[in-house]
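Enquirer: here is my input; please provide its structure:
(one chain, ligands or ions: 1)
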Amino acid sequence: MSPRPTILVINGPNLDMLGIRQPEVYGYDTLDDVERLCRETGTSCGVEIDFRQSDSEAEIMGWIKQARGTAAGLLINPAGFTSTSIAILDALLIFDGPIIEVHISPLFRRDAFRHPSHVSRAATAKIEGFGIRGYAFAIAKLAELA
Ligand SMILES: O=C1C[C@@](O)(C(=O)O)C[C@@H](O)[C@@H]1O
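Expert: Down below sits the predicted model:
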């Protein structure tokens, strides 16, 4: 039996504080709940999930570069790096598979400074405003594309 393809899930800064951080915006689910949802979705879609979080732009760039040739797809919630990091965009442009950008909250309804996304320029698709369910939708789509 061939090994199941791997989907790399990258969570950016402060997402480790989900459940505590602005629950009126992000809800009460924790990052552990997000990981559980990703793993359950991965199991039902036939993919492995490699789930990570970092507050470090450099670490995230390193993970993206290592994913080339090893991960079949990439889900990224760039969080606070969304509108600021050309370096993460450049790393994503090196990746050779589908990329889905996920945001828990509806950015289109939030502060204007959150609207522009450098990351979107490398993304195959973008999901925002569905709460943590957006991660499940993205994994199902990446599994289909993998
Ligand atoms: O940290 C985050 C989380 C977020 O990416 C979201 O998932 O809704 C939205 C970003 O504006 C914010 O900086």
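Enquirer: around the ligand, pick out the residues from this protein.
Expert: Selection of the chain residues close to the ligand by Cβ under 6 Å from any ligand atom yields 14, 77, 79-80, 82, 103-105, 107, 114. Yep, even glycine has a C-beta here, placed from its N, CA and C like the rest.
Enquirer: most residues in a single helix of the chain, which one?
Expert: Longest helix of the chain, by residue count under DSSP state H: helix 31-45.
Enquirer: and that helix, how far from the chain's centre?
Expert: Relative to its chain's centre, helix 31-45 lies at 13 Å (Cα atoms, centre = their mean, to the nearest Å).
Enquirer: which elements pack onto the very next helix or strand once past that helix?
Expert: Using DSSP states H and E, the helix or strand that follows helix 31-45 in sequence is strand 48-53. With contacts taken as 3 or more Cβ pairs under 8 Å, 6 or more residues apart in numbering; DSSP states H and E, strand 48-53 sits against strand 6-11, helix 31-45.
Enquirer: what average pLDDT does the longest one get?
Expert: So the one you mean is helix 31-45. In this model, helix 31-45 has a mean pLDDT of 98.
Enquirer: pLDDT check: weakest of the residues of the chain next to the ligand?
Expert: On pLDDT alone, residue 114 ranks lowest of these, at 92.
Enquirer: so what does whichever strand or helix holds residue 101 touch, helix or strand wise?
Expert: Using DSSP H and E, residue 101 maps to strand 99-103. In terms of contacts (3+ Cβ pairs under 8 Å, 6+ apart), strand 99-103 is packed against strand 73-77, strand 125-128, helix 133-145.
Enquirer: fine by me, thanks again.
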